[in-house]
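Colleague: The following comprises the amino acid sequence and a computationally predicted model.
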Amino acid sequence: MAVLTFNDVTCKGCDLCVDACPKKILTLDTSRVNAKGYNPVLCTDINACTACAICARVCPDSVIKVEKGEAA
Amino acid sequence: MANKIIYEKSRGLTDTPLTYCPGCSHGTIHKLVAESLVELDVLERTVAIAPVGCSVLAYNFFNCDGIQAAHGRAPAVATGVKRVQPDKIVFAYQGDGDLASIGTAEIIHAAHRSENFTVIFVNNAIYGMTGGQMAPTTLIDQKTTTSPYGRFEETTGKPLLVSEMMAQIPGATYIERVSVHDHAHILKAKRAVKKAFGYQVAGKGFTMIEVLAACPIGWGVTPVNSMKFVKDEMMPYYPLGVYCDRGGEA
Amino acid sequence: MSQKVLMKGNEAIAEAAIQAGCKAFFGYPITPQNEIPEYMSLHMEKRGGVFVQAESEVSAINMCYGAAATGARVMTSSSSPGMALKQEGISYMSGADLPVLMVNVSRCGPGLGGILPAQGDYFMATRGGGNGDYRTPVYAPAYIQEATDLVFEAFDVAEKYRTPVMILLDGMLGQMMEPVEIKPRPPVQVDKSWVTIGDTANRKPNVVNSLSLLGDVLEQQNFERFKKYEQLERVGVMVENTVKDGDEIAIVAYGVPARIAQNAIEELVGEGIKAGLVRPITLWPFPYDTLANLPASVKHVVVAELSMGQLIEDVRLGVNGKFPVHLVNRCGGMVFEPAEIAEAVRKIIKGGV
């Protein structure tokens, strides 16, 4: 079971993680705007996440923390 | 049981939010430097030299001592630090205006003396901080605020091939050009950056990694399209690869 | 062990710097200061220091910037056009509060000019050619002995006040030989907790920097920096003053020209013309008070300089209209004889100038 933690404060909504995600389960959350004025990223289906961390590595702002639960 | 951390922000970076534009490659390159310093266990004895340009505030982002240098002079400042503190790890972080234009004398002679420090050369084909002016590395026909009709070879020459030029210098130990436009290339770039710092730790002399980088705001494209520009427009002119490796570690 | 030996000015300055604990020298060849980098290349490494011949004067001062940021005693030397190139680094080091000793063995200008002695760098040294609000302490020795003594003082002031300092001389003093006894003294003890030496295992990272994007913050930083300049203006002024009550002529000159002026004064005194010398040893901070407080007997202040009227501006600021101020000068590498100065003074007394 993957766990994704997003730092909503530093996310700039650049879309690079959304584009890079092989499972296409990331999107910019247009219902929210952070203090910098950006729509922060959101995971739409955490169950499909393989914790590959591609999203975290392509993120210039170190927004994403990727963990894998021991139970899985 | 605790979750296994697959990826988290490097402790080589401070908590200060980056001042770069959305999608800017500087943040990605900062991560590669910070991760390398931590993995080589040298962060605490590192001095970062920041340039003039978008990364002028880099000293706020790297979690180590930092010095802000005058435009183009980072290799001279790094020389001063490293010569009196040869056991410390020193890197100059420079953009293309800083390194390839105003700082050509300093970078060439730092390599010429084979100063034992590492240079991270961020080539995004434009002056970002000042508002998107033409750099020596701007591509032919690329529009900038000082090449509004596109860069003409007749009056402004061809884009400067810095890695190719630097590799000719006998004192250059390791020169490689990498890109950070996608995940696979980020991993390769990380290996190059870490290898360069490893050479410095081993006292092997001057190392420089040229990183092809995106400037979405300066180029006037989306971050995702800026990565395509790096791949489709920059990489054909700026071939990736090792341009010299005299460090004995192929 | 110290003893009096015959030394060339440039070499004596270099040796004094090493004895003062200079740990790094960064320079670039230019006449007439080449003996300094040459001496440093011969001695620095075997005495535990660093010598680098930079690719330019710009690089040399920026190497100083990096080395000074680690807390090391650092030095560079050059001559007029080279000092002009260093102005960028001087401004940066002032803005980053970094100490460095710079020796300017000046020549004549403008432009490439020539290698003969002149004092046309007075404005560049005291006003600075770099951008922004800063001051540079400037020491102007007239004797090789004094030059070596000032090396120790200049290093201490640089570190105590965290500022670039300059020793300004010319090719005459740099190239001549005089008996000199180098008198080492322990360096001033100063706080160095600010250095960027790559030692963050037990402290937070330090930053050396002159960037300050917020107006109110930068203004406050400049206010703080000027407090140390004000302190230097109070305690750092050095001047030789032989003007006595009853003297009617005060000649103001610095460096070797002050020695020529002294000969002229002896000639005048021999004729019954009462005259004395004001010799600024620090050009900044300038001995304005000495000039403001000249005895009321003084009828004329005569400025003898090897430039087109640069020192005279500070003399006028000091005199502040109390006495008439006259200029006796040569330039372009031409040096006045004592008789020239004496004759000019006679004409001034007669009202001929």
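Modeller: Happy to help now that I have it. Numbering: from 1, shown residues only, chains lettered A, B, ... in the order given.
Colleague: From chain A, how far off is the nearest residue to residue B:69 once chain neighbours are set aside?
Modeller: Nearest in space to residue B:69, with sequence neighbours left out and distances taken as C-beta to C-beta, 6 or more residues apart in numbering or on different chains, is residue B:77 at 4.3 Å. To be clear about C-beta, it is placed using only N, CA and C from the backbone, and glycine gets the same treatment. Computed as C-beta to the nearest C-beta, to the nearest Å, the residue B:77 to chain A distance reads 26 Å.
Colleague: Residue C:64 is in contact with residue B:77, correct?
Modeller: No: with contact defined as C-beta atoms under 8 Å, residue B:77 does not reach residue C:64; the gap is 9.2 Å.
Colleague: Return the residues in contact with residue B:32.
Modeller: Residues in contact with residue B:32, defined by C-beta atoms under 8 Å, 6 or more residues apart in numbering or on different chains, are B:180, B:186, B:189-190, B:193-194.
Colleague: Recalculate using a threshold of 6 Å.
Modeller: Taking C-beta atoms under 6 Å, 6 or more residues apart in numbering or on different chains, we find residue B:32 in contact with B:189-190, B:193.
Colleague: Which helix or strand contains the residue of chain A found nearest chain B?
Modeller: Nearest residue of chain A to chain B, counting by C-beta to the nearest C-beta: residue A:60, 2.8 Å away. Residue A:60 belongs to no helix or strand when assigned by DSSP states H and E.
Colleague: Write out the residues of the stretch 51-200 of chain C neighbouring chain B.
Modeller: C:55-56, C:59, C:62-63, C:65-67, C:69-70, C:72, C:88, C:92, C:196, C:198, C:200 (C-beta under 6 Å from any C-beta of the partner chain).
Colleague: among the residues you listed, which are in helices?
Modeller: Secondary-structure check on these using DSSP state H: residues within helices are C:59, C:62-63, C:65-67, C:69, C:88, C:92.
Colleague: Go ahead and confirm residue B:230 touches residue B:215.
Modeller: No: taking C-beta atoms under 6 Å as the contact criterion, residue B:230 and residue B:215 are not neighbours in contact, 9.7 Å apart.
Colleague: what about those two, which has more around it?
Modeller: When residue B:230 and residue B:215 are compared for neighbours, residue B:215 comes out ahead with 28 against 24, by other C-beta atoms under 10 Å in any protein chain shown.
Colleague: and residue B:244, how many neighbours does it have?
Modeller: Residues near residue B:244, counting by other C-beta under 10 Å, number 20.
Colleague: before we move on, what about residue B:49?
Modeller: Using other C-beta under 10 Å, residue B:49 is surrounded by 33 other residues.
Colleague: Over to residue B:47?
Modeller: For residue B:47, the neighbour count with other C-beta under 10 Å is 33.
Colleague: Pick the one among the ones in helices among the residues of the stretch 51-200 of chain C next to chain B closest to chain B.
Modeller: Ranking those by separation from chain B, with C-beta to the nearest C-beta as the measure, puts residue C:66 on top at 2.6 Å.
Colleague: Give me the below-cutoff pLDDT ranges for the chain.
Modeller: Let's take chain A. Applying pLDDT under 70 to chain A picks out residues A:71-72.
Colleague: Let me rephrase: I mean chain C.
Modeller: Judged by pLDDT under 70, chain C has its weakly predicted residues at C:1-2, C:352-353.
Colleague: circling back: now the two most distant members of the residues of the stretch 51-200 of chain C next to chain B.
Modeller: Of all pairs drawn from these, the greatest distance, 32.0 Å, lies between C:56 and C:200 (C-beta to C-beta).
Colleague: Having no further points to raise, I will conclude here.
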